[in-house]
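**Student:** what's the 3D shape of this:
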Amino acid sequence: MEEERTDRSVVRLTPDTVDVMQHLLWVRSGSTGATSMFIGTTRDHFQGRNVKTLFYEAYGKMALKEMMKLCDIMHERWDLHRSVIVHKIGECPVEDVSIAIVVSAPHRKDALKAVDFCINKLKLVVPIWKKEIYVEGDGEWKANCKGCAPSSFEDDHGHAHHHHTTDSKDNKEGNNPSKDHNGDDPHHHHHHHH
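**Tutor:** Numbering: from 1, shown residues only. Below is the predicted model of the structure:
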């Protein structure tokens, strides 16, 4: 397990089962009237294929740094008491918790807005990759923006939705302009080999 913590925030990468109740209890206090939480779990399908399990990898120190930055931004923008971001690393079978974001605040509006902001931004800036293992036995890695194009991870225009395969037969080196469509930048479609 790797983590960073301050008086008001905890960010953690863990190979263990995410203990949601532990984090709920930590963020609460007598001054908070609202606790908001996002729980991400592994689903059993992706693009019509049956998923057996997921594997997550992270660039540890950079991931923790970016997660703590997100906590700092949340506390600057909204009136929060405490915040937690925990991400599972390693295998994460179907129905298991892959990510938990928990924040407490005096009022629900701040807590709800902060959690919504955090999960959307996290997918864009935190260097975590996942590999979906399908029931048939094959799988593919998907990277977020930072893992794909370091020069462009500041802009929020949907980068988090592209993916990278490990078993590309038509492209071993990088950009493949033939994959380009709708005038997109071809870098959206290049392949990483992990």
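**Student:** State the three-state secondary structure for the residue nearest to the spatial centre of the chain.
**Tutor:** Centroid-nearest residue in the chain: K123, 4.5 Å away (criterion: C-alpha atoms, centre = their mean). Look at K123: counting by DSSP: H, G, I helix; E, B strand; the rest coil, its state is helix.
**Student:** just N50 next, same as before
**Tutor:** strand.
**Student:** Count the residues that sit near the closest residue to it other than its chain neighbours.
**Tutor:** Nearest residue to N50, sequence neighbours excluded (C-beta to C-beta, 6 or more residues apart in numbering): V135, at 4.2 Å. Any C-beta I mention is one placed from the backbone N, CA and C, and that applies to glycine too. Counted with other C-beta atoms under 10 Å, the neighbours of V135 add up to 12.
**Student:** residues in contact with V135?
**Tutor:** Counting by C-beta atoms under 8 Å, 6 or more residues apart in numbering, V135 makes contact with 49-52.
**Student:** ok, back up a step: can you tell me how far the residue nearest to the centre of the chain is from K52?
**Tutor:** 23 Å (C-beta to C-beta, to the nearest Å).
**Student:** Noted, bye for now.
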